[in-house]
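**Q** Just the structure for this:
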Amino acid sequence: VQLVESGGGSVQAGGSLRLSCAASPFPTCMGWFRQAAGKGREGVASINGDGVPLYADSVKGRFTISRDNAKNSVYLQMNSLKLEDTAMYYCAAKYGSSWSLEAGQYNYWGQGTQVTVS
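**A** Below you'll find the model as predicted:
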């Protein structure tokens, strides 16, 4: 499975960004993770094959994960961005029906896209 992220960049606090991840092939369960400098990888959001999302408490109400099966893509809409959202964001994929925010559950990873909030 190949994953290619796009959409990162720099934004002011309170602003929005939308991350995209194209997958080939398109596994049933997709997730977004992030890793800030000097910290471990954190699960942000996951979505299963039925489109049901799971969010980390830190992003609930601000981030929205979605998928477009016709385009083999998953998205992360990030609103009301905070300084602490600054990190490298990674798209991840796994087969199976259960979503997860545990990085160890995922087999496939993208190269990452940087999000900087100032």
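**Q** Nearest to the spatial middle of the protein, which residue is it?
**A** Trp32 (2.2 Å; CA atoms, centre = their mean).
**Q** Run a quick neighbour tally on the residue lying closest to Leu83 once chain neighbours are set aside.
**A** Of all residues not flanking Leu83 in the chain, Val117 sits nearest, at 5.4 Å (CB to CB, 6 or more residues apart in numbering). All C-beta atoms are positioned from the backbone trio N, CA, C, and that covers glycine. Val117 has 18 neighbours, counted by other CB atoms under 10 Å.
**Q** give the contact list for Val117.
**A** Residues near Val117 by CB atoms under 8 Å, 6 or more residues apart in numbering: Ser10, Val11, Gln12, Ala13, Gly15, Leu81, Lys82, Leu83, Glu84, Asp85, Thr86.
**Q** Please repeat the previous calculation with a cut-off of 10 Å.
**A** Val117 is in contact with 10-15, 17, 78, 81-87, counting by CB atoms under 10 Å, 6 or more residues apart in numbering.
**Q** looking at the sheet around the residue nearest to the centre of the chain, what are its partners?
**A** In this entry, Trp32 is beta-bridged to Ala45, Cys91, by DSSP bridges.
**Q** For the protein, which segments are assigned as helices?
**A** Assigned by DSSP state H, the chain shows no helices.
**Q** Could you point out which residue ranges in it have low pLDDT?
**A** Along the chain, no part satisfies pLDDT under 70.
**Q** now the strands for it?
**A** Assigned by DSSP state E, the strands in the chain fall at 2-6, 9-11, 17-24, 29-35, 41-47, 53-55, 63-68, 73-78, 87-94, 108-109, 113-117.
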